[in-house]
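>>> Any chance you can model this:
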Amino acid sequence: MNQSSMNAILIFTAYGPPSAVNTFFFILTFLVYLITILANLFLALVIIMEPSLQKPMYVFMLHLAINGVIGSTSVCPKIMDLLISSTKESSYEGCLGQVFFINFYASSAYAILTAMAYDRYVSICKPLQYHTIMTSGKVKQLVFVIYFFPITALSTQVYLTSKLPLCKNNINKLFCDNLAIVNLSCVKSNLGNIFGIFIIIFLVVLPLILVVISYIKILAVCLKTSKDAQKKALSTCTPHLITFVNFSIASLFSVIYNRFNDYIPSHVNFFMSLHFILLPPLLHPLIYGIRTLEIRKCIAKILRKRENHSVADYSLKFRTLAEQSGWNETSLLVNFRHELNPRIQAELQYQGEALESMQIYPHQMVVPVEYQDPQEVFSKEQAVVLPAHRP
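Next up, the predicted model:
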């Protein structure tokens, strides 16, 4: 970075003075940002904690959620600060850092979606070879490529931009982007322009072509299969396809925003700029959470675990209730039935004799296996024995 630009302060002119409108947009941005962070972190935790989701598709989904957190965090805190601050300023180094992370978010998202399209292609077009092709080593290689090329290319781009001398310091945008900083320069860099075109082709156009080719081949295979196979393929590909189309539309809005923001009304300018940063990371976990059956099952499983008691908790509570009831046999049966899983309670309505067949001895209570909570991990050959600890 040249010495004259090193200490430069950039001023954002798109915000205007603090007002009620700015406060409204601050609250809106904060709420969307908060929901985005929570939704993506929740999806990431579900994938990490659930062993059944340790598959290539969900590994890529995990990285897409992390990428969404990076993208929204690179912009939203600074926008919220500028909305309520009396000084609409940013350091030149901070602006370059924002440029890097925004572009990293966009290019990595396209790379992840391309890897997911490849995974779907192998799964549908080469099902018998899927586990041979999509090995853990292959997934790690794809993840490495997803991050290596964007980091390398974008670091070079930011370095080339930082070498340009600045003649102006006013940016008529809500956040920094590479084109806005280049337009502040006194000179034009042919090398920077050529490298920028290379980045667009390599990190945007090429992934787009690969995804389209993948879905053309998937469609060709699906047309030759049965209706049930077509429905299964459609349910598998729909979340990814919706996510890819959503992100592509957001990217198109970003291009329009970057090229024509001087001619767009301020409130439209605000929504178009945030659409690219906020909506895709917000919608991606919601789309996958709603449309992906395995994700829904795992979320329901986690929620059920929070509602269920562990064996230790149940045993302690049972002993406490037993002492309070004076070890009354009828009271113990009622309390035991109350603590059963709701599904088993419903079954007992049709099997009234089941509880009557349970044996309660003075010194122990044996709970048959069929009445155990199915969410708990037990051996099917064993029963839960609750010592009476009777005085």
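>>> Name the helix or strand for the closest residue to residue 50 other than its chain neighbours, please.
In this structure, residue 50 finds its nearest non-sequential neighbour in residue 298, 4.4 Å apart by C-beta to C-beta, 6 or more residues apart in numbering. For the C-beta atoms, the positions are set from N, CA and C on the backbone; glycine is no exception. Residue 298 is part of helix 293-307 when elements are defined by DSSP states H and E.
>>> Residue 96 too?
Going by DSSP H and E, residue 96 is part of helix 92-125.
>>> buried residues in that helix?
For helix 92-125, burial by neighbour count (16 or more other C-beta atoms under 10 Å) applies to 92, 95-96, 98-100, 102-125.
>>> hang on, the earlier thing: and the helix holding residue 298, average pLDDT?
For helix 293-307, mean pLDDT is 73.
>>> Next: stretch 208-221.
88.
>>> which residues are contacting it?
110, 113-114, 117-118, 120-121, 124-125, 233, 237, 241, 244, 248 (C-beta atoms under 8 Å, 6 or more residues apart in numbering).
>>> likewise stretch 126-144?
56, 59, 60, 63, 115, 118, 119, 122, 123.
>>> Tell me the secondary structure at the residue positioned nearest the centre of the chain.
Residue closest to the average C-alpha location in the chain (C-alpha atoms, centre = their mean): residue 65, at 2.7 Å. Three-state call for residue 65 (DSSP: H, G, I helix; E, B strand; the rest coil): helix.
>>> Kindly report the same for residue 10.
Residue 10 is classified as strand under three-state DSSP.
>>> And stretch 20-32, what's buried?
For stretch 20-32, by 16+ other C-beta under 10 Å, it's 22, 25, 26, 28, 29, 32.
>>> So what's the residue count around residue 223?
8 (other C-beta atoms under 10 Å).
>>> who touches it in this structure?
residue 230.
>>> Backbone torsions only: list them for it.
phi -70, psi -20 (degrees, to the nearest 10).
>>> what's the distance between it and residue 121?
Distance, residue 223 to residue 121, by C-beta to C-beta, to the nearest Å: 15 Å.
>>> Please apply the same query to residue 130.
Taking C-beta to C-beta, one finds residue 130 at 10 Å from residue 121.
>>> Repeat that for residue 103.
Taking C-beta to C-beta, one finds residue 103 at 27 Å from residue 121.
>>> got it, and residue 29?
37 Å.
>>> Same check on residue 182?
Taken as C-beta to C-beta, the span from residue 182 to residue 121 is 37 Å.
>>> just for the protein, where's the confidence low?
The model of the chain has pLDDT under 70 over residues 1-6, 255-273, 290-291, 305-319, 321-391.
>>> how about the strands in the chain?
Secondary structure of the chain (DSSP state E): strands at 9-12, 89-91, 170-171, 364-367, 384-387.
>>> Would you check that the residue nearest to the centre of the chain makes contact with residue 287?
No. Using C-beta atoms under 8 Å, residue 65 is not in contact with residue 287; the gap is 11.5 Å.
>>> Was I right to think residue 107 contacts residue 148?
No. With contacts counted by C-beta under 8 Å, residue 107 stays clear of residue 148, the gap being 11.4 Å.
>>> Distance from stretch 29-46 to the middle of the chain?
8 Å (C-alpha atoms, centre = their mean, to the nearest Å).
>>> Identify all contacting residues around that stretch.
By C-beta under 8 Å, 6+ apart, stretch 29-46 touches 53, 61-62, 65-66, 68-69, 72-73, 76-77, 79-80, 83, 274, 278, 281-282, 284-286, 288-289, 295, 298-299, 302.
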